[in-house]
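# Output the structure for:
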Amino acid sequence: MKKLLLTILMLFIAVPAMAAEGGHEHADSWLKPVEAQYVCMMNNKVFDKPQIAIEVEGKTYYGCCPMCADKLKNDASLRSATDPVSGKQVDKSSAVIGADPHGMTYYFENQENFHTYASGPMPEMKHEHMEGMDMEGMEGGMMHDHGHESGTAPAETPATPENHEEHH
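Numbering: from 1, shown residues only. Just a heads-up that it's a prediction; the model follows:
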């Protein structure tokens with residue numbers, strides 16, 4: 001009888017503790033960490049295969065095609081993004097990178113900012129980068145975002161080799 005009571009007591013203690021731990025994981029689940037090599041840092045899109053490594057001033061950036069590589073090499077503003085937590089500019093080559101379920105890519109100056117942002121609510125998708133643009137301004141349904149302030153660009157799903165070629 002003592003064992004049964006002890007077991008029940010342990011369950012009452014353990015279950016809420018496990019639920020609390022699981023709640024933290026769930027809060028972070030909308031934003032997943034991404035290795036830099038899987039991100040085209042030109043269009044801020046996550047791919048399922050490593051991208052082209054681009055060396056610039058001793059730092060490594062990644063692009064999905066030669067056009068992206070050329071633009072990253074020649075335009076320093078494309079190699080940085082704004083950390084959504086601190087508001088500071090971060091170099092994409094050294095940033096902590098996260099992607100949401102819609103393919104939005106976020107760059108952070110450190111892990112703490114990543115977890116702070118991930119533990120909050122998922123932001124609503126904004127389409128201000130598309131204002132004043134008709135469908136002809138997009139290539140194959142995807143668009144290179146050359147001047148988006150936050151360094152993020154929307155994407156429907158992680159890119160695959162099949163739909164990668166369509167954006168050029």
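# what helices or strands is the helix or strand encompassing residue 33 leaning on?
Per DSSP states H and E, residue 33 falls inside strand 32-34. When contacts are defined as 3 or more CB pairs under 8 Å, 6 or more residues apart in numbering; DSSP states H and E, strand 32-34 packs onto strand 96-99. Using the backbone N, CA and C atoms, a C-beta is placed for each residue, glycine as well.
# Quickly run through the sheet partners of the strand it packs on, with directions.
strand 32-34 (antiparallel), strand 105-108 (antiparallel) (DSSP bridges).
# quick one, which of those is packed in tightest?
Greatest average neighbour count among the strands paired with strand 96-99 goes to strand 105-108 (a mean of 26), per mean count of other CB atoms under 10 Å.
# residues making contact with that strand?
31, 34, 39, 44-46, 81-85, 90, 92, 95-100, 114, 117, 150-153, 155 (CB atoms under 8 Å, 6 or more residues apart in numbering).
# Local confidence estimate at residue 10?
On pLDDT, residue 10 comes in at 62.
# I meant to write residue 90 there.
98.
# Residue 87 too?
So residue 87 comes in at 98 (pLDDT).
# element containing it, please.
Assigned by DSSP H and E, residue 87 belongs to no helix or strand.
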